[in-house]
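K.L.:
Sequence and predicted structure are below.
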Amino acid sequence: MPAFVRRRSRSARLAAIFPLLYLALGLAVIPQAGLQDDELLFTAPFFHLPGAAVFSVRLFHAHLPLMLLTYLGALKSWLYFPILASFPPTYLTIRLPVLATGSLTVWLFFRLLERTNGRTAAWVGSLLLATDTIFLFTTCFDWGPVALQHLLAVAAMTLVVKFAQEGTRWALAGGFFCIGLACWDKALFIWLFSGLIAGAIAIFPREVWTRCTPKNVGVAAAALCVGALPLLAYNAASNLATLRANTSFDLGQIPSRLHALRITWDGEILWGYMVHAPWSPGTPLESGSVVDRASADVHKLAGFRYHNALEPAFWAALAMAPFLWFTRARKTLLFCLIAMAVAWFQMAITKGAGDGAHHVVLLWPLPHWFVAVALSEASRWKRLYRYQAGAVLLGAVMLFLAGESLLLTNEYFYQLSHFGALGGWSDAIYRLSDEVSRMSSPRVVVDDWGILNGLVVLSGGKIDVALANDHTPFAGRVWIGHTPEFEQQPGASRRTIEAARSAGFEKRVTEAVPDRNGRPVFEIFHFVRAAN
C-alpha cells in the first residue's frame with residue numbers, strides 16, 4: 001500500500017475520535033429531559049394529528065405530507081417513518097437518530113477542513129465542534145430542528161469543495177442536491193446559503209467564474225431544484241406562502257439578536273430555558289449512576305460553570321487575522337467572516353427570529369472553522385515553528401478550550417440530572433403518559449401548550465387527545481393542564497376555569513403528576529356541574 005494511502009487511512013481512523021466523543025456525550029445527555037412539543041413536531045403526520053401538514057399530495061389513496069409549516073418541510077418526518085413504524089416511540093427512538101446525525105456532521109467537518117485547510121485545522125475544528133455544548137444540546141434535542149441543517153450544510157460544502165478541487169461534476173450535483181434538501185427541511189437555510197454564496201463570490205471570484213459554465217450551472221440548478229422540489233411545489237400552489245409569511249423585517253431587533261449570538265456562542269443561553277440556573281433554589285436528587293456521581297464530583301472540584309471560553313477564542317482569532325493576511329489562511333478567514341455576517345444579519349432583522357439558540361446555531365460550524373484556521377495557522381509562525389513551540393502552544397490552547405466546553409456540558413448535565421429540566425422539557429411527561437394509558441379509553445383534552453405531542457407520541461398514537469378550544473365540552477372529558485409554576489402559556493389554567501364557570505361547571509383535580517424531583521408539573525382534572 002502506498003505511503004500516502006496509509007497516511008490517509010490512519011487519518012480517517014484518528015478522525016473517528018471526535019464523532020465518538022460527541023456520541024458519548026450525547027448518550028449521557030439525552031435521558032435527562034422529557035420529550036418537548038417542538039422536538040416532536042415532525043411526528044404529527046405519522047400519528048395523523050389534525051393540521052399535521054400545511055401542504056400534502058394525494059398518492060395511492062393516502063396523503064403524503066410535504067410541508068409541516070410554511071417554512072418547515074417534512075424531510076425529517078419521511079426519514080423517521082420507518083423508525084416509528086418499526087420501534088416503540090421512546091426518547092431513544094426520537095433522539096438516537098439525531099445524535100447519530102450530529103456525529104456524522106462532526107466527521108464530515110473533519111473531512112472538509114482537512115481538504116481545505118490541512119490536518120491540523122481539521123483536528124482543531126473538529127475538537128471545538130465535538131465539545132461545543134450548544135451544538136450538542138440543540139442537535140440531541142433538536143427542537144429547532146437543526147440536526148439535518150448542519151449535516152446537509154457540511155455535506156454540501158464538502159462536495160462543492162471536492163468539485164472545485166477535482167472537477168467531478170457528480171460532486172457538484174450532490175452538493176447542490178444537499179442544499180435543496182436543506183431548503184426543503186427548513187427554508188431558513190436560505191440565510192446560510194446566501195452567506196456562503198456571498199463569501200464565495202467575494203473571496204473566490206476567479207474560481208467561481210471559471211466554473212460557472214452553462215453545463216455546470218445547469219447541473220447545479222437542476223440538482224438544487226430536485227432537492228427542494230416539495231418546497232417549490234408548495235410555493236407554486238400557495239402563491240409564495242413561504243416568502244409572504246417569513247419576510248417581515250425589524251432593524252430594531254439587532255441589539256437583542258447580537259446579545260443572543262454572544263450567549264449562544266459562549267454557551268449560556270440554555271440557563272433558565274431548559275436547565276435550572278445554578279443559583280436557583282431546589283433540593284438536588286442524590287447521585288444515582290456512576291455517570292451522575294462522576295458529574296457531581298467534577299462539579300464540586302470545578303465549581304459552577306456558566307459559559308465556555310469560545311468567545312475570547314473568537315476575539316483572539318479575529319485579532320490575529322490581520323497578521324495572517326499573507327498566509328494561505330487569509331481567504332478562508334475572510335470567507336467565514338463574510339458568510340457568517342451575511343447569514344446572521346438576515347437572521348437578526350427577520351421579525352421573531354434570531355433570539356433563540358435554535359436560530360443562532362444555524363451559523364454553526366462557520367465560527368469553529370474560523371477559529372480553527374486562525375489558531376492552526378498562527379501556530380506556524382516562524383518564531384514559534386523554529387523552536388517547535390507552536391504545536392505545544394496550540395495543543396495547550398485546544399486542551400483549555402475543549403476542557404472549558406466539557407466543564408460547561410458537565411454543569412448542564414449536573415443540573416439536569418440532579419434538579420430536573422425546566423418547563424416543556426420536564427421528565428414528568430413520561431409519568432403522565434403512564435397515568436393516562438392506565439385509564440379506560442379516555443377522551444383527553446389539554447388546555448396548555450407542551451402536553452399534546454408528548455402524550456400522542458409516547459402512547460404510540462393510541463390516546464384520543466385534543467387541544468382545548470371554544471367548542472370543547474366540559475363534561476365527559478379527562479382534562480390535563482400544567483400547574484401554575486410550569487404553565488407554558490401564562491394564564492391558560494385561569495382562562496379554562498373562567499370559561500367553565502361561565503358554562504356552569506367547576507374544576508375538580510383528580511391527580512397531580514410530579515417530575516422525578518417531586519415537583520407537581522401536571523394536573524389531571526375534570527369538570528362537574530356547579531351547585532346552584
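P.N.:
Nice, thanks for sending it over. Since this is a predicted model, take the numbers as computed values, not measurements.
K.L.:
Please report how far Q149 lies from F193.
P.N.:
11 Å (CB to CB, to the nearest Å). C-beta coordinates here come from the backbone N, C-alpha and C atoms, glycine included.
K.L.:
More neighbours: which of those two?
P.N.:
Q149 (27 against 20; other CB atoms under 10 Å).
K.L.:
List the contacts of that one.
P.N.:
Going by CB atoms under 8 Å, 6 or more residues apart in numbering, Q149 touches 182, 185-186, 189, 192, 362.
K.L.:
any idea which of the residues you listed is closest to L270?
P.N.:
Nearest to L270, judged by CB to CB, of those is L362 at 16.2 Å.
K.L.:
that older thread, show me the contacts of Q149 that map onto helices.
P.N.:
182, 185, 189, 192 (DSSP state H).
K.L.:
Out of those, which two are the most distant from each other?
P.N.:
Most distant of the ones in helices among the contacts of Q149, by CB to CB, are D185 and L192, 12.0 Å apart.
K.L.:
from the chain's centre, how far out does stretch 464-472 sit?
P.N.:
30 Å (CA atoms, centre = their mean, to the nearest Å).
K.L.:
For that stretch, which residues meet the burial criterion?
P.N.:
465, 468 (16 or more other CB atoms under 10 Å).
K.L.:
Ramachandran coordinates for the nearest residue to W425 once chain neighbours are set aside?
P.N.:
Counting by CB to CB, 6 or more residues apart in numbering, A33 is the residue found nearest to W425 once chain neighbours are left out, at 4.2 Å. Per-residue torsions, A33: phi -130, psi 150 (degrees, to the nearest 10).
K.L.:
May I ask you to confirm that A33 is in contact with F141?
P.N.:
Yes. With contacts counted by CB atoms under 8 Å, A33 reaches F141, the gap being 6.6 Å.
K.L.:
Quick check: neighbours shared by those two?
P.N.:
274, 425.
K.L.:
neighbour-wise, which of the two wins?
P.N.:
Shown here are A33 and F141; by other CB under 10 Å, F141 has more neighbours (30 against 24).
K.L.:
Can you give me every residue that contacts that one?
P.N.:
Neighbours of F141 in contact, by CB under 8 Å, 6+ apart: 30, 33, 36, 39, 95, 274, 425.
K.L.:
and the two most separated of those residues?
P.N.:
R95 and M274 (13.8 Å).
K.L.:
where does W123 fall, helix, sheet strand or coil?
P.N.:
helix (DSSP: H, G, I helix; E, B strand; the rest coil).
K.L.:
Any figure for the gap between it and L25?
P.N.:
W123 is 18 Å from L25, by CB to CB.
K.L.:
Just give the nearest non-adjacent residue to D355, would you?
P.N.:
A260 is the one closest to D355 (CB to CB, 6+ apart), at 4.9 Å.
K.L.:
Just the mean pLDDT for the lengthiest helix in the chain, thanks.
P.N.:
Counting by DSSP H, the longest helix found in the chain is helix 389-419. What helix 389-419 shows for mean pLDDT is 92.
K.L.:
how about it: buried residues?
P.N.:
390, 394, 397-398, 401-402, 404-419.
K.L.:
All set, thanks.
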